[in-house]
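Q: just a sequence and a predicted model for now, questions to come.
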Amino acid sequence: MTPPMTCVTPPASPATEPMFSRILTSALFAGAAAGLIAALLQLVFVQPVLLHAELYESGELIHFGGAAVTAHPELPGMFSDLQRDALSIVFTMLTYTGYTLIVVALMSIAEGQGHKVDGRTGVLWGLAGFVAVHFAPGFTLAPEVPGVAAADVFARQIWWFATVATAAVAMWLIAFGSNLISYVIAAVLLMAPHIIGAPEPEFFTGPVPTEIGALFAARAFGIGLAAWVLVGSFAGYFWQKEAKHAEAHA
Amino acid sequence: MTTQTLKASASRAGLIPAVFAVVLGLGIVTLAGHVQASALHDAAHDVRHATGFPCH
């Protein structure tokens, strides 16, 4: 009697192609869905604050003058500039799809090392992603309301990428490290960019009231957190769904 | 082949597509969030601010 056929040996050529398409498919679904929701949240909660700030950036409203300025000026209504909002939706979906590709790729590696990945554990991935990509760089370079004074954009971008990279490594060490040394390294990596310092402007020239700037940063962080939890959870969910799909077709 | 070497070769095979996906993802994020070409900057302006990227 012949034993039932089981595939215990990997294919002669590494199973690179199906793996890549599984990463790509789950990342596209998860990223587009999370990105669309993030875009709508941004339009509802962040965009009005941004448009309010732009009234000061353009000089239409002036703070620090003699007279008090109303905190509730007439703002363009929601979706009053359809082209601008449509572009924002497209670019938010693009950005989060890019992030989700990276998240799913890292999930595939973690799963290969025996860690469970699904929609539920994905929430933790999302929280870690938020810390790495939003909160770590924003801890020193706070989300900028239009019109703020800032150092050279290229220098800030270099600092941003370096901070995100070190924070991402730190979050991986916290999640998958198994000894005290890895946690200590993670803490050092998280703190180092802020101790070294980010490029700061030489002078403060921002025309926007501090109330608006603070609200903008808080809203940007809040929506970023929501978006990242969705990214992580959707990524884990679609990653498993694609695995079942692949098994069903095997 | 032992189970361990099987697992090791499987995870090595899984690394190449993961690296491709990371590079692709980084490319998309850089294009949407960081490239300063003015058409891209203007189109992505609000998103860059709201997502906490250095913008101007």
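A: Arrived safely, thanks for sending.
Q: what segments of chain B are helices?
A: In chain B, the segments counted as helices under DSSP state H are B:3-33, B:38-50.
Q: oh, I was asking about chain A
A: With DSSP H applied, chain A shows helices at A:16-45, A:47-57, A:82-112, A:119-130, A:136-138, A:153-176, A:180-196, A:210-249, listed in chain order.
Q: using a markdown table, lay out the ones you listed together with mean neighbour count, distance to chain B and mean pLDDT.
A: Using the backbone N, CA and C atoms, a C-beta is placed for each residue, glycine as well. Listed next are those as a markdown table, based on neighbours: other CB atoms under 10 Å in any protein chain shown; distance: least, CB to the nearest CB, whole Å; pLDDT from 0 to 100:
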| stretch | mean neighbour count | distance to chain B | mean pLDDT |
| --- | --- | --- | --- |
| helix A:16-45 | 21 | 4 | 94 |
| helix A:47-57 | 21 | 6 | 94 |
| helix A:82-112 | 22 | 3 | 96 |
| helix A:119-130 | 20 | 10 | 98 |
| helix A:136-138 | 23 | 5 | 98 |
| helix A:153-176 | 18 | 4 | 97 |
| helix A:180-196 | 14 | 14 | 98 |
| helix A:210-249 | 19 | 5 | 94 |
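Q: reformat those as TSV; add distance to A:A67.
A: Output for these, formatted as TSV (distance: least, CB to CB, whole Å):
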stretch	distance to A:A67
helix A:16-45	29
helix A:47-57	14
helix A:82-112	31
helix A:119-130	40
helix A:136-138	33
helix A:153-176	34
helix A:180-196	39
helix A:210-249	16
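Q: nearest to B:I16, out of those?
A: Closest approach to B:I16 among those (CB to CB): helix A:16-45, 5.2 Å.
Q: ok, now which ones touch residue 31?
A: By default, I'm working from chain A. Neighbour list for A:G31: A:93, A:96-101, A:231, A:234-235 [criterion: CB atoms under 8 Å, 6 or more residues apart in numbering or on different chains].
Q: wait, I meant chain B there
A: Counted by CB under 8 Å, 6+ apart, B:L31 has contacts A:94, B:40.
Q: would you quantify the distance from it to A:P201?
A: Separation of B:L31 from A:P201 (CB to CB, to the nearest Å): 26 Å.
Q: just to revisit the earlier point, export the helices of chain B to TSV and tack on mean pLDDT?
A: Conversion of those to TSV gives the following (pLDDT from 0 to 100):
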stretch	mean pLDDT
helix B:3-33	79
helix B:38-50	93
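Q: ranking those by burial, who's on top?
A: Ranked by mean neighbour count, the helices of chain B are led by helix B:38-50 with a mean of 19 (mean count of other CB atoms under 10 Å in any protein chain shown).
Q: what does it rub up against?
A: With contacts defined as CB under 8 Å, 6+ apart, helix B:38-50 is touched by A:39, A:42, A:46-47, A:50, A:84, A:87-88, A:91-92, A:95, A:143-146, A:216, A:220, A:223, B:31-33, B:35, B:55.
Q: just the C-alphas of it, formatted as PDB.
A: C-alpha atoms of helix B:38-50 as PDB (Å, rounded to 0.1, in the frame of the first residue of the first chain):
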ATOM      1  CA  SER B  38       6.300  70.500  -7.400                       C
ATOM      2  CA  ALA B  39       3.500  68.700  -9.200                       C
ATOM      3  CA  LEU B  40       3.800  65.800  -6.700                       C
ATOM      4  CA  HIS B  41       4.200  68.100  -3.800                       C
ATOM      5  CA  ASP B  42       1.100  70.100  -4.600                       C
ATOM      6  CA  ALA B  43      -1.000  67.100  -5.300                       C
ATOM      7  CA  ALA B  44       0.000  65.300  -2.100                       C
ATOM      8  CA  HIS B  45       0.300  68.600   0.000                       C
ATOM      9  CA  ASP B  46      -2.600  68.000   2.500                       C
ATOM     10  CA  VAL B  47      -1.800  64.300   2.900                       C
ATOM     11  CA  ARG B  48       1.900  65.100   3.700                       C
ATOM     12  CA  HIS B  49       0.800  67.500   6.400                       C
ATOM     13  CA  ALA B  50      -1.800  65.300   7.800                       C
END
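Q: now A:V131. Nearest residue, chain neighbours left out?
A: Here the nearest residue to A:V131 in space, its sequence neighbours aside, is A:M171; by CB to CB, 6 or more residues apart in numbering or on different chains that works out to 5.9 Å.
Q: A:F204 now?
A: A:A149 (5.2 Å).
Q: A:A243 is in contact with A:R22, isn't it?
A: Yes. Shown here, A:A243 and A:R22 form a contact pair, counting by CB atoms under 8 Å, at 7.0 Å.
Q: sorry, back to before: the residue nearest to A:V131 touches A:A132, doesn't it?
A: Yes. Here A:M171 reaches A:A132: they are 5.1 Å apart, a contact under CB under 8 Å.
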